[in-house]
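Trainee: Requesting a structural model of the entry that follows:
(chains A and B)
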Amino acid sequence: MGVLSAPACRRLWPRTLAGSRMGCGVRRCLVVAIGLCVFLFLCVPSSLRAESKEYQVKAVFLYNFAQFVLWPATAFTNASEPFQIGVLGNSPFDKALEETVRGETIQGRQIVVVHASHVEKVAGCQVLFVCKSEAGHLNQVFQKLDSKPVLTVSEDASFIQHGGIINFYREGPKVRFEINPDAADKNGLKLGSQLLSVGKIVHSEGAR
Amino acid sequence: MKRVGTFNRVAEMKRLISHSPSLADSFRLLNSQRIKSRWSFKIAAALLLPWLLLGSAFAQEQPSAEEAVQTYKKMSLTELMDLDVTSVAKQPEPYGQAPAAIQVITSEDIARSGASSLPEAMRLADNLEVAQKNSHDWAISARGFNTALGNKLLVLMDGRSVYTPLFSGVFWDVQDYLLQDIDRIEVISGPGGTLWGANAVNGVINITTKSAKDTQGLYVEGGGGSQLQYFGGARYGGTLASNVYYRVYGKYFQRDNEVFGDGKDAPDSWNMGRGGFRIDAEPSLQNTFTLQGDYYAGHEGVVTGGRANVSGGDLLGRWSHTFSESSDMSLQMYYDRTHLVDPIPASVAGTITLAPAGTLTDDLDTFDIDFQHHLHLGDWNNIVWGLGYRFTHEVDDNAPALAFLPPTLDHNLYSAFLQDEITLRENLFLTLGTKIEHNDYTGVEVEPSARLQWNVTPKQMLWGAVSRAVRTPSRIDRDLSQPGPSSLLVLLQGGQNFESETVIAYELGYRAQPTAKLQTSLSAFYNDYDHVRSTTTNSTLDSFGLPFPFFFQNNLEGHTYGFELSANYQLLDWWRLHGGYDLLKEDIRVKPGKFDINDALNETADPQQQFSIRSSMDLPKNIQFDATLRWVDELQNNNGATVGTVPSYFELDARLAWRPIKSLELSVVGQNLLHDHHPEYGFPGPTRVEISRGVYGKVSWEF
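Mentor: This next block holds a predicted model:
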C-alpha cells in the first residue's frame, strides 16, 4: 500500500506499541491490541449409538419386572407351560434378553423368549415388550390383547396413554420407567411394591 | 426427557481431537524450517502408522453381552436405574457418532487432572492449544490463531455465550465454576458456524454443568499450596418440591504471583470469588425447566502496574418441551453482565508521552433469547431449526491511552438456522444446514456446511465436511483508538471498513474402537482463510510527516492444515492411558499488492506440534495416581514485524489422591513440575511472565 515500505514503518513503530501482542499483562491486552448463542442443539445421528448397553440393562429390567408381578392363574393354560416373554416388532435387544433369562425360572416355570411381528403370536405371553417399530399401531395391538393378563412394556411416550402398563424413558444417561397401576388392574395383574416404589406412577386418564 | 436425550446427542457430537501448531511463513529461516518439518513429519508418521495398522486389524470384538447381563442381574432395580447406559465403559463413549472433531472432558477427567479452574481443565482437550500467559491470563485456541486477542473460538456455558464483543475472544480468567459440579466439557475443533453462529470459526467449547438433581447434598472442599495459595468451595443441593431440585454454590481462591524470566516476582497475584444457584424442575415428562444464575468478583495484579477489578453475573432460564417421540423444542433466555476496570499504562513513543496512564472501564450487558425445534420428518429427515436474537449494550469509560469510539454501543444480532440430517442409507448420513445472521457491523452473514458420515462398521466411522464460517468484527477491529483521540497522535485505529474474516474448512475424520479397550480418533483439516486482519496505513502522511494512524484492514489470506490424533487405552482394569498429538501448519500471508505492518505475523502464535500422554491409575486402598506429560513445540510471538520465540517445553502435572472413606478425599497435586518456571507465551523480554511450579493439597468431603 502506497508510500511506505515495510522496513520504514517498522522503524517508526514505537516498540511499546508495536507488537500487537507483547505478552502484556494487561489482562485485556488491549494495550497491545491488534490486534449467537445459539444454543446447543445439534442433530447428531442417533442411529448408531452404542445401544447395546442400554438394551442389556432393559433386558434385565424386564426380567426383574417379571419377578415383582403376580399373574392370575388364567395366565397359564397348564402347570408345565413356560413363562413367555414376547418381543413384538424389531427387537433392539440383540441377544441380551436370551442371555438374561437363560437358566432362570419364574414361579417355577422355565422362561422362553418369543419374537413376533404380529401381535396374535404373542398375545399368550406373560410379558410383552412392544418395540418402537410398533409405535404407529398401538391401538391395534391393545385391541388384540384385549385386557389379557399380559404385562405390557414399551419405550414410547404415548404407550401409557394407549393402555400400556410399563414404559421406559431416559433421564439423561439413565433408564427410568413409568408405571400405570390402573392398566395392570385391568389386566388382572398385581404389581409388587418394589415396582411401585421405584417406578414413576402415572394414570392413563388425563394424568400427564 | 427427550430434551435431555437431545443434549446427550449433542454431547456425543462433541468429542474428538485437534490442535494447532505453527506457521510456515516466508519470514522464517528456511533451513531450520526444513529440518523442523522433516522432523515433524517423522513424528507424525511414527504416530500415525501403528494407528492406521490397527484399523486393518479390526477384530469384531463384541463386549460380552453375557458378562454384562450377569453383572446387571445382580443389581437391584434402584441400582439399575443408576447406571449410565450411554457409556460403554467408564468413559462416556469416548468416540461417539458425531461427524466432527469432538472431544469430551468428563467430570471424572477434570477431578483426576488436578485442575483447579476452568482454563486449567482445558489442557485436557487434545484439540486445544492452551498457553498460560501469567497468573490469570490464558491464550486458548484450536487449529491456530492463538494470539493475545485470539478470536476464533466460541465458548458457551450452559448455552450462554461467554466471548466478549470487545475483541471476539474470551476472558478466561473470569470463566470458572465449582468444578465438582461440571458435568462435561465438549470441545469441537473445526467450524461450528452452522449451528452456533459467527465466531465458531476454528472451534466451539461447550461447558455443561450438572443438573441440580445430580448435585443433591452437601459438598465441601478446601486446601492450599504454593501457587494456588488457598481455596475453598461448597455446594448444597436439595429439593424445593416434588420434582423440583436446586443447588447453591460458592468458590473462592487466591493465587500467588508468577515470575519474570530472572526469577523475580511478577506482580500478577489475584483472587476471585463466585457463587450461584441452579434450579431444575421436571413437572412432567414433557416439560423441563431450568433457572440458573451466577455472580463473580475478583482482583488481578497487572504486570504493567496497578490492579484490575473484574465482576459479572448472569441469569438464565430454559424451557424444554417434548411434543412427541419425534419432536421437541426449547426456549432459552439469558441476561449477562460483565464489568471490567483495567489500568492502562501511558502511551509512550520514544521519550514523548502521547497519553498518560489511566483506567479503562467496560460494562457490557447482554440479553439473549433462543428458540429451537427439533423434529423427524418421515423416516429419513432429522431436522433442527432455530431463531435467535441478542442485544448487547456496551459502555466504555475510556482511558487516555486506549479508547473505544463511540464509548456507548448498542448492537443487535438476529439469527436463524436450519439443519437436516438425511439418512441416505442405514449407515450413511448427510447433514446439510446453514445459519443466516444479521449483525450491525457487516449485515447478513451466511454460514453453511455439509457433512457426510459413513459408519463403515459399528465400530468405525468415516466422516467428511465442508463448512464456511465467519469471524465478524469486534469493537477492537472497528472502534479502537490507541491512544485516545485527545492525545497528540493516534497511532492505531479500528478500521471503518473492517469486514468479516472468513474460512472455508475441509475436514476428514476417522474414529474407531478396534477393541473394547481402545478408542482412537483422527481428524485432518485444510482451512482456507480470507480477509484476515492486517494493520495498514493510508498512503498520505499526517501533519508530522508520519504515516499515522495505522488502522485495521483485511489484507491477509492464507491456509492452515494439519491433523489431530487421540487415543484412549484401558491397559489394565486399573490403568488407563490417553495420548494426543496435533500437527498444525500455517501459511498466512499478506495479499499481493497489499500491506501489513506486522508482516502477517500478528494473527498467529502457535506451536506446530504438541503432544500429551496421560496416565490414570486406580491403586489398591482407594488410591488414585494420575500424571500428564505434555510437550509443546516452540511458538512465535511477534512485536510488530519482529519475531520472538517461546521455546518448546516439556511439563508434567501429577495428582495423588486417597479416599480413606467413601465421602472423604485427600489429594496432593503438582503442576508444571519439571521447571522452576517456564514461559508459555509472550514476546521475549524482561516483562515476559513465566509460569512457576506449583503444589497444593486438597480435602474434599461429600455428605
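
Trainee: From here on, just use CA atoms for contacts and neighbour counts.
Mentor: OK.

Trainee: Stretch B:393-407 and chain A in contact?
Mentor: Yes - using C-alpha under 8 Å from any C-alpha of the partner chain, stretch B:393-407 reaches chain A at B:401, B:402.

Trainee: quick one: terminal-to-terminal distance for that stretch?
Mentor: 11 Å (C-alpha to C-alpha, to the nearest Å).

Trainee: same question, stretch B:627-646
Mentor: One end of stretch B:627-646 to the other measures 24 Å (C-alpha to C-alpha).

Trainee: Does that stretch reach chain A?
Mentor: Yes - with C-alpha under 8 Å from any C-alpha as the criterion, chain A is reached by stretch B:627-646 at B:637, B:638, B:639, B:640, B:641.

Trainee: Can you tell me the number of residues neighbouring the closest residue in space to the last one that isn't next to it in sequence?
Mentor: The shortest distance from residue B:641 to any non-neighbouring residue, by C-alpha to C-alpha, 6 or more residues apart in numbering or on different chains, is to residue B:598 (4.3 Å). By the measure other C-alpha atoms under 10 Å in any protein chain shown, the count of residues near residue B:598 is 25.

Trainee: residues in contact with residue B:598?
Mentor: A:19, B:534, B:535, B:638, B:639, B:640, B:641, B:642 (C-alpha atoms under 8 Å, 6 or more residues apart in numbering or on different chains).

Trainee: 7 Å instead?
Mentor: Contact partners of residue B:598, counting by C-alpha atoms under 7 Å, 6 or more residues apart in numbering or on different chains, are B:535, B:640, B:641.

Trainee: now swap in residue B:505 and tell me
Mentor: B:466, B:467, B:468, B:525, B:526, B:527, B:528.

Trainee: follow-up on the earlier one: would you reformat the residues of stretch B:627-646 next to chain A as CSV and include neighbour count, pLDDT and secondary structure?
Mentor: Below are these laid out as CSV (neighbours: other C-alpha atoms under 10 Å in any protein chain shown; pLDDT from 0 to 100; DSSP: H, G, I helix; E, B strand; the rest coil):
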residue, neighbour count, pLDDT, secondary structure
B:637, 30, 90, strand
B:638, 28, 87, strand
B:639, 26, 85, strand
B:640, 27, 83, coil
B:641, 23, 84, coil
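
Trainee: Any idea which residue is closest to the centre of chain B?
Mentor: Nearest to the mean C-alpha position of chain B, counting by C-alpha atoms, centre = their mean, stands residue B:205 at 4.2 Å.

Trainee: If you count neighbours, what's buried in the longest strand belonging to chain B?
Mentor: The single longest strand within chain B, with elements called by DSSP state E, is strand B:550-572. Under the neighbour-count criterion of 16 or more other C-alpha atoms under 10 Å in any protein chain shown, strand B:550-572 has B:550-570 buried.

Trainee: in its sheet, what does it sit against?
Mentor: strand B:492-493 (parallel), strand B:518-537 (antiparallel), strand B:575-590 (antiparallel) (DSSP bridges).

Trainee: Could you look over the ones you listed and pick the most buried one?
Mentor: Here the criterion is mean neighbour count by mean count of other C-alpha atoms under 10 Å in any protein chain shown, and of the strands paired with strand B:550-572 the winner is strand B:492-493, at a mean of 28.

Trainee: Now pLDDT and distance to residue A:144 too, for the contacts of residue B:505, in JSON lines please.
Mentor: As requested, these are exported to JSON lines (pLDDT from 0 to 100; distance: C-alpha to C-alpha, whole Å):
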{"residue": "B:466", "pLDDT": "96", "distance to residue A:144": "51"}
{"residue": "B:467", "pLDDT": "95", "distance to residue A:144": "52"}
{"residue": "B:468", "pLDDT": "95", "distance to residue A:144": "54"}
{"residue": "B:525", "pLDDT": "97", "distance to residue A:144": "56"}
{"residue": "B:526", "pLDDT": "97", "distance to residue A:144": "59"}
{"residue": "B:527", "pLDDT": "97", "distance to residue A:144": "59"}
{"residue": "B:528", "pLDDT": "97", "distance to residue A:144": "62"}
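
Trainee: Could you look up the SS state of residue A:141?
Mentor: helix (DSSP: H, G, I helix; E, B strand; the rest coil).

Trainee: residue ranges of the strands in the stretch 101-250 of chain B, please?
Mentor: B:101-106, B:129-132, B:138-141, B:153-157, B:160-161, B:182-189, B:203-209, B:217-225, B:228-241, B:244-255 (DSSP state E, counting those that start in this stretch).

Trainee: Chain A is nearest to which of those strands?
Mentor: strand B:160-161 (5.5 Å; C-alpha to the nearest C-alpha).

Trainee: Please save the CA atoms from stretch A:159-172 in PDB.
Mentor: The C-alpha coordinates for stretch A:159-172 follow below in PDB (Å, rounded to 0.1, in the frame of the first residue of the first chain):
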ATOM      1  CA  PHE A 159     -47.600 -46.100  25.400                       C
ATOM      2  CA  ILE A 160     -49.300 -45.500  28.700                       C
ATOM      3  CA  GLN A 161     -52.000 -43.400  27.200                       C
ATOM      4  CA  HIS A 162     -52.800 -46.200  24.900                       C
ATOM      5  CA  GLY A 163     -53.200 -48.600  27.800                       C
ATOM      6  CA  GLY A 164     -49.700 -49.900  28.400                       C
ATOM      7  CA  ILE A 165     -48.600 -50.800  31.800                       C
ATOM      8  CA  ILE A 166     -44.900 -50.000  32.000                       C
ATOM      9  CA  ASN A 167     -42.900 -47.600  29.800                       C
ATOM     10  CA  PHE A 168     -39.200 -47.000  29.800                       C
ATOM     11  CA  TYR A 169     -37.900 -43.500  29.400                       C
ATOM     12  CA  ARG A 170     -34.500 -41.900  29.600                       C
ATOM     13  CA  GLU A 171     -33.400 -39.400  32.100                       C
ATOM     14  CA  GLY A 172     -30.100 -38.200  30.900                       C
END
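
Trainee: avg pLDDT for it?
Mentor: Stretch A:159-172 carries an average pLDDT of 88.

Trainee: Flag every buried residue along that stretch.
Mentor: In stretch A:159-172, counting by 16+ other C-alpha under 10 Å, buried: A:159-161, A:163-172.

Trainee: again with stretch B:373-381
Mentor: Here stretch B:373-381 shows B:373, B:374, B:375, B:376, B:381 as buried, counting by 16+ other C-alpha under 10 Å.

Trainee: Is there proximity between the helix ranked longest in chain A and chain B?
Mentor: The helix that spans the most residues within chain A, counting by DSSP state H, is helix A:52-67. Yes - under the criterion of C-alpha under 7 Å from any C-alpha of the partner chain, helix A:52-67 makes contact with chain B via A:53, A:54, A:56, A:57, A:60.

Trainee: ok now that helix, how far from the chain's centre?
Mentor: On the basis of C-alpha atoms, centre = their mean, to the nearest Å, helix A:52-67 sits 12 Å off its chain's mean C-alpha point.

Trainee: go on, stretch B:148-164?
Mentor: With C-alpha atoms, centre = their mean, you get 7 Å for stretch B:148-164.

Trainee: average pLDDT for it?
Mentor: On average, stretch B:148-164 scores 90.
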